[in-house]
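[1] below is the sequence, then the predicted model.
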Amino acid sequence: MAMDYNPKPADAADTVLPRDVTDAVETLARNIHDTWAARKLADGFTFGAEDDPVRRTHPCLVPYEQLPENAREYDRATALCTIRTMVGLGFEIRKRKGGAK
C-alpha cells in the first residue's frame, strides 16, 4: 500500500507573505522544535549521539539554538511552508497591534 503513496502538498511557494509574518518564521521554527522535543521526551526519549528508536535516544533533543543548522533549516522550512499554505488557502495572518499576548 505504501508504494502507491504519492504525496501532493499544496503548492504555495509563490505565495507572498507580509514582512511581519516572515519575521515570525524563526519563532515558529523554535516552537516546532520544542513541540517535537516535548513529544519525544514524553515518549521516553533522551539525548543521545544517535537517533536510536530502540534505545530511545536522539541527537536533536537539545535547545533550538544548539541544533545543527540543517535541523534548524528543516524547522524553518516547515514553518514557512505552513504559513504559505494557510495564506494560499485564503487565510489572513497578521500581527495584533501591541504585540504578542
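    Yes, it's here.
[2] from now on I want contacts and neighbour counts done on CA atoms only, so please keep to that.
    Noted.
[3] just for this protein, where's the confidence low?
    Filtered on pLDDT under 70, the chain yields the residue ranges 1-2, 99-101.
[4] how about the strands in it?
    Taking DSSP state E to define them, one finds strands in the chain at 46-47, 57-58.
[5] for the first one, which strands pair with it and how are they oriented?
    Put plainly, it is strand 46-47. Paired neighbours of strand 46-47 in the sheet (DSSP bridges): strand 57-58 (parallel).
[6] what does the partner strand rub up against?
    With C-alpha atoms under 8 Å, 6 or more residues apart in numbering as the test, strand 57-58 has contacts from 45-52.
[7] make CSV out of those residues and add neighbour count and distance to residue 63.
    What follows is the contacts of strand 57-58, written out as CSV (neighbours: other C-alpha atoms under 10 Å; distance: C-alpha to C-alpha, whole Å):
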residue, neighbour count, distance to residue 63
45, 20, 15
46, 18, 13
47, 15, 11
48, 15, 14
49, 10, 15
50, 12, 16
51, 16, 16
52, 12, 19
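[8] from these, pick the one nearest residue 11.
    Within the contacts of strand 57-58, the smallest distance to residue 11 is 31.0 Å, found for residue 51 (C-alpha to C-alpha).
[9] ok, residue 98 to residue 24 distance?
    For residue 98, the distance to residue 24 equals 15 Å [C-alpha to C-alpha, to the nearest Å].
[10] re earlier: out of the strands of the chain, which comes closest to residue 74?
    Shortest distance between residue 74 and the strands of the chain, using C-alpha to C-alpha, is found for strand 57-58: 15.9 Å.
[11] now distance to residue 76 too, for the strands of the chain, in TSV please.
    Output for the strands of the chain, formatted as TSV (distance: least, C-alpha to C-alpha, whole Å):
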stretch	distance to residue 76
strand 46-47	22
strand 57-58	20
